[in-house]
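S.K.: 3D, please:
(one chain, ligands or ions: 3)
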Amino acid sequence: MTVEEYLSEIIQKEGVAHVTLIDPASQKPEEAVRLATEAVAGGTNAIMLGGSTDAGGQLLDLTAKMIKENVSVPIILFPGSTSGFTTNADCVLFMSLLNSRDPHYIVGNQMLGALTLYKTGMESIPMAYLVCEPGGTVGWVGDAKLLPRAKPELAAAYALTGKYYGMRYTYLEAGSGADSPLPPEMIGTVKHVLKDSVLIVGGGIRDGKAAAICAKAGADIIVTGTAIEKADDVKALTAEIVMGAKMGKKA
Ligand SMILES: CC(C)=CCC/C(C)=C/CC/C(C)=C/CC/C(C)=C/COP(=O)(O)OP(=O)(O)O
Ligand SMILES: O=P(O)(O)OC[C@@H](O)CO
Ligand SMILES: [Mg+2]
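M.R.: Ligands and ions are numbered 1, 2, ... in the order given. As a prediction, this is how the structure comes out:
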């Protein structure tokens, strides 16, 4: 089964999936394994590996390898550039930052990595990456023309653009560590036009209540990074967020 099929099945059966983002640059591989193991025990469905700044090839390779040896859920690459590739993962989000001002983030990095990806034969999922206010580090690094929170129709127009290009996933991003998650109106407007295409929402989701609001508004996959990296009890916080997302979807 592909990672995409695996996630679709979870979304179909449980209404929503949860993915834990680990930045390989932020800690030693052993610590990343601890975070991943506890997040999986708390019910996360996959581990996403990436960061907006380089981890350095070896650190990414080793972090992915060690996580793979220790957890049973898929490892999904979330690359900030071609240096975000490693063969020690199951799948890569082949993303274009559609609202960037810099063609390198729309198509340039992708072109540089395409032959490497081809040679590995790794699964890839075409994804529109849309960075919204406040955008955080990724907004700055990716030179995004930040999508205004108060204008959901602009985000919806970009999401549709990605869908018409054939991208099966859309990632609505507030930026890692955002003060607050994206507003439900924005998530709802985007999901309304995407219909059955998968909508990922991330940035600033720190608890079950926030996850519930995002899921209820239309998120198919909820991503949490910072809150889990900082949690005293990773398993308990993950379980709260996973439960919140599922309850929100049913509400
Ligand atoms: C598909 C290929 C080869 C490249 C994609 C290139 C693109 C479109 C990059 C988008 C811009 C970018 C820098 C994305 C990084 C995505 C990411 C991993 C964000 C999470 O970053 P964190 O590291 O958690 O944020 P902080 O740096 O604030 O911690
Ligand atoms: O770190 P947080 O705020 O959970 O954001 C996760 C993700 O959307 C960042 O790319
Ligand atoms: Mg980071």
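
S.K.: what distance separates stretch 230-242 from the centre of its chain?
M.R.: 17 Å (Cα atoms, centre = their mean, to the nearest Å).

S.K.: do stretch 1-10 as well
M.R.: Taking Cα atoms, centre = their mean, one finds stretch 1-10 lying 15 Å from the centre of the chain it belongs to.

S.K.: Ok, stretch 116-126 next?
M.R.: If you compare the mean C-alpha spot of stretch 116-126 with that of the full chain, they lie 18 Å apart, counting by Cα atoms, centre = their mean.

S.K.: what's in contact with it?
M.R.: Residues outside stretch 116-126 that contact it (Cβ atoms under 8 Å, 6 or more residues apart in numbering): 2-4, 82, 85, 87, 89-95, 165-169. No exception for glycine: its C-beta is placed from N, CA and C like everyone else's.

S.K.: Put the buried members of those residues into a ChimeraX selection.
M.R.: Taking 16 or more other Cβ atoms under 10 Å as the burial criterion, the selection of buried members of the contacts of stretch 116-126 in ChimeraX is written as:
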select :3,4,85,89,90,91,92,93,94,95,167,169
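
S.K.: Give me the subset of the contacts of stretch 116-126 that also touch ligand 1.
M.R.: Of the entries in the contacts of stretch 116-126, the ones placed beside ligand 1 under the rule of Cβ under 6 Å from any ligand atom are 82, 94, 95.

S.K.: can you list these in TSV and add pLDDT and secondary structure?
M.R.: Putting these into TSV (pLDDT from 0 to 100; DSSP: H, G, I helix; E, B strand; the rest coil) gives the following:
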residue	pLDDT	secondary structure
82	93	helix
94	98	strand
95	98	strand
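
S.K.: which one of the residues you listed is nearest residue 146?
M.R.: Nearest to residue 146 among those: residue 95, at 16.8 Å, using Cβ to Cβ.

S.K.: From what I see, that closest one and residue 173 are in contact.
M.R.: No: assessed by Cβ atoms under 8 Å, residue 95 is found out of contact with residue 173, at 10.0 Å.

S.K.: In the protein, mark out all the strands, start to finish.
M.R.: Residue ranges of the strands in the chain, as given by DSSP state E, are 17-22, 46-49, 75-77, 91-97, 123-131, 169-173, 198-202, 221-224.
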